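Visitor: Sharing a model that was predicted from the sequence below.
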Amino acid sequence: MSRLRIFGVARTRAFRVLWIAKELGLEYEHLPIEIRAANPRAEEYLAINPNGRLPAIDDDGFILWESLAITLYLAKKHAFGRLYPADLHGEAKTWQWSLWAVNEVDRGVNIWSLHANRLPREERNPAALAEALKVLEAPFRVLDGALADRPYLLGEEFTVADLNVAAVMSRALPMDFSATPRLGTWLRRCHDRPAAREAVALRDAADAATPPEVTRMIAQRNRL
């Protein structure tokens, strides 16, 4: 049995951890749990992550939560000097872009995806959709500019910095990127990787199996 266990249904931020696990070619056990009152495993999971958020991992007894902390940990453990930069400046830039993605685009992308396609059509809010796009304009220009002279965030090679930012932005793939074409090209390039396609397939299957009331609850609970 694998010593790595990944907790969280693929339509949550567990998607990011599944992508890195597949990118690294790791053997793992996926426990696609939900955290809802009706879920008998919710209380058990709180012993792993007392925040009650997904995902978390158990790596041979080492418990870690927060999706991008997990991706950074796994990349450094299994691909130091390759997917994870070996030099101090590259490592710092990886942290920079990972934190930037969470602070600048994560919420806006989630709001956009809910009101563009995930909520039932009659429950979508055009004003929320427009506001999300407005909020994302500036950070999207920043990312587009960073890609002006390089195919990936740190240079010529794909790294965990690209994975983290592209994973946070994954639900933005259907957006119109005509105003930031380098960003759009980069995002599609990242998601064309075999590991990304496999992780997206898991998420799409989880999305398809999610009742509308659950998506509604997610939007309400997170004020999206």
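Guide: Received it, and whenever you're ready, just let me know what you need. Numbering: from 1, shown residues only.

Visitor: Neighbours of the nearest residue to Ser67 once chain neighbours are set aside, how many?
Guide: Computed as CB to CB, 6 or more residues apart in numbering, the closest residue to Ser67 that is not its neighbour in sequence is Arg13, at 4.0 Å. All C-beta atoms are positioned from the backbone trio N, CA, C, and that covers glycine. Here the neighbour count serves as a burial measure; for Arg13 (other CB atoms under 10 Å) it reads 21.

Visitor: Helices of the chain, start to end?
Guide: 14-24, 42-46, 67-79, 88-100, 106-113, 126-146, 160-168, 181-191, 194-208, 212-221 (DSSP state H).

Visitor: Output these as TSV; include the columns distance to Arg5 and mean neighbour count.
Guide: Putting the helices of the chain into TSV (distance: least, CB to CB, whole Å; neighbours: other CB atoms under 10 Å) gives the following:
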stretch	distance to Arg5	mean neighbour count
helix 14-24	11	24
helix 42-46	11	13
helix 67-79	12	20
helix 88-100	23	16
helix 106-113	25	20
helix 126-146	33	15
helix 160-168	20	26
helix 181-191	26	18
helix 194-208	16	16
helix 212-221	23	13
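
Visitor: now the ones you listed as JSON lines including mean pLDDT?
Guide: Below are the helices of the chain laid out as JSON lines (pLDDT from 0 to 100):
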{"stretch": "helix 14-24", "mean pLDDT": "98"}
{"stretch": "helix 42-46", "mean pLDDT": "81"}
{"stretch": "helix 67-79", "mean pLDDT": "98"}
{"stretch": "helix 88-100", "mean pLDDT": "98"}
{"stretch": "helix 106-113", "mean pLDDT": "95"}
{"stretch": "helix 126-146", "mean pLDDT": "96"}
{"stretch": "helix 160-168", "mean pLDDT": "98"}
{"stretch": "helix 181-191", "mean pLDDT": "98"}
{"stretch": "helix 194-208", "mean pLDDT": "96"}
{"stretch": "helix 212-221", "mean pLDDT": "69"}
